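Enquirer: Have a look at this prediction, sequence included:
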Amino acid sequence: MVGAIRGLPLLAFGLVAGVVADRYGRKAQLIIAQVVNALLNVALATLVLTGYVHPWHVYVTGFLAGTVQAFQQPARQALINDLVGPGHLLNAVALNSAALNLSRSVGPALALIQASGVDLCYYVQASFYVFATLWTVQMTVPPQSQPRALTNNRANQSFFASTKEGISYVISNRLILALMVLGLAPIVLGMPFVSLMPIFAIDVFHGGARAQGLLLTSVGIGALLGALGMASLGRNQGNGRFLIGGAVAFGLSLIPFSHSPDVAMATAFALLAGFFNVSYTSQDQTIIQMLVPGELRGRVLGIYLLNRGLMPLGSLLAGVLAHFLGGPSAVTVMGISCVVLAAAVGLLVPSLRRLNLTGPTIAGHEG
């Protein structure tokens with residue numbers, strides 16, 4: 001329930017957050033989001049410490065945290081391009097993904113909740129947001145990278161008109177729309193296979209928490225390796241065929257995973273799934289940021305990052321498939337769906353197959 005509640009604001013406010021990032025400043029938006037996150041963690045930690053916490057407190061803070069995340073994500077991702085420029089964008093996006101996946105792997109391993117309690121865990125998390133805010137304040141964003149919404153004909157543009165402009169840009173630009181579909185759909189159709197890990201750990205491999213932890217850890221390690229691999233590509237920023245191939249490989253890796261006879265083989269294919277997923281999503285986001293004009297980047301990323309809010313929907317779909325088909329067959333269907341979708345996008349949008357970006361490129365390319 002908490003996961004679903006956190007996901008709702010990502011869908012409801014994702015587009016709005018992108019408009020705010022383009023109109024009023026991404027750095028300020030990120031700072032405000034981090035400060036609110038720190039306050040939410042302190043509030044929940046104090047409620048737990050004093051014994052006054054109730055389920056509705058968790059639901060409310062979960063919804064507020066999801067709202068803050070909706071505003072934080074497009075500002076953070078757009079700032080990456082603002083700070084490093086197009087020449088190093090893929091490296092930066094991939095390293096950002098590597099840090100995220102490393103924290104996902106190391107964080108649970110610290111077992112802070114078990115060692116010190118839930119309240120201290122939330123206080124520690126709040127302190128990290130404080131440090132992040134102090135570092136963000138010190139960032140110097142190049143003047144030419146600041147949002148240009150208040151210049152030219154955008155000076156008196158309404159908030160609704162700004163939102164419509166971002167949506168119209170994505171819909172009218174076939175190449176950007178193809179990149180959006182390639183980034184959003186496999187995440188919803190494929191990655192929710194991780195929510196079915198208990199079925200594989202208990203019912204398929206007759207293990208328990210240890211088997212499930214091994215499978216989930218292998219996905220995280222694969223994702224980390226994929227991110228580091230992308231970060232090492234230097235100025236080879238985006239190749240359409242490589243991108244499509246990565247999405248297809250991700251779907252294909254799920255099929256043998258679903259039919260693995262033992263945990264060892266399943267672990268290997270789970271690692272490959274994590275590797276290919278991060279490899280193609282990092283490059284997909286990089287290409288989008290390089291092609292979209294700077295003044296529209298926040299809005300377009302707000303649409304792109306709706307996949308975070310759609311993940312719970314994908315998990316629900318995976319659960320329904322597993323209920324009727326069983327876990328292995330459900331993951332097979334999910335993998336085939338990803339392969340078919342990626343292949344269809346590649347066939348229907350020739351400009352994506354021909355795409356080959358190296359180093360800085362001109363934003364706004366229409367394909």
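Expert: Yep, that arrived.
Enquirer: Burial check on the residue lying closest to residue 123 once chain neighbours are set aside, number of neighbours?
Expert: Among residues not flanking residue 123 along the chain, residue 45 sits closest, at 4.7 Å (CB to CB, 6 or more residues apart in numbering). The C-beta positions use only the backbone N, C-alpha and C, and glycine is treated the same way. The number of residues packed near residue 45 is 21, by other CB atoms under 10 Å.
Enquirer: gap between residue 45 and residue 121?
Expert: Residue 45 is 8 Å from residue 121, where distance means CB to CB, to the nearest Å.
Enquirer: other SSEs contacting the helix or strand hosting the residue nearest to residue 123?
Expert: Residue 45 is part of helix 26-50, with elements assigned from DSSP states H and E. Here helix 26-50 touches helix 2-24, helix 55-84, helix 118-137, going by 3 or more CB pairs under 8 Å, 6 or more residues apart in numbering; DSSP states H and E.
Enquirer: Give me the angle between the shortest one and helix 26-50.
Expert: Using axes from the mean of the first three to the mean of the last three CA atoms, to 10 degrees, the direction of helix 118-137 lies 160 degrees away from that of helix 26-50.
Enquirer: picking that back up, which stretch among the helices and strands packed on helix 26-50 comes nearest residue 241?
Expert: helix 55-84 (23.5 Å; CB to CB).
Enquirer: Can you give me the buried ones in that closest one?
Expert: 58, 61-83 (16 or more other CB atoms under 10 Å).
Enquirer: what helices or strands is it leaning on?
Expert: Looks like helix 55-84 contacts helix 2-24, helix 26-50, helix 89-110, helix 263-291, helix 297-304, helix 307-325 (3+ CB pairs under 8 Å, 6+ apart).
Enquirer: got these as a markdown table, with mean pLDDT and distance to residue 346 columns?
Expert: Shown next, in a markdown table, are the helices and strands packed on helix 55-84 (pLDDT from 0 to 100; distance: least, CB to CB, whole Å):
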| stretch | mean pLDDT | distance to residue 346 |
| --- | --- | --- |
| helix 2-24 | 83 | 26 |
| helix 26-50 | 94 | 32 |
| helix 89-110 | 73 | 20 |
| helix 263-291 | 89 | 12 |
| helix 297-304 | 86 | 19 |
| helix 307-325 | 83 | 19 |
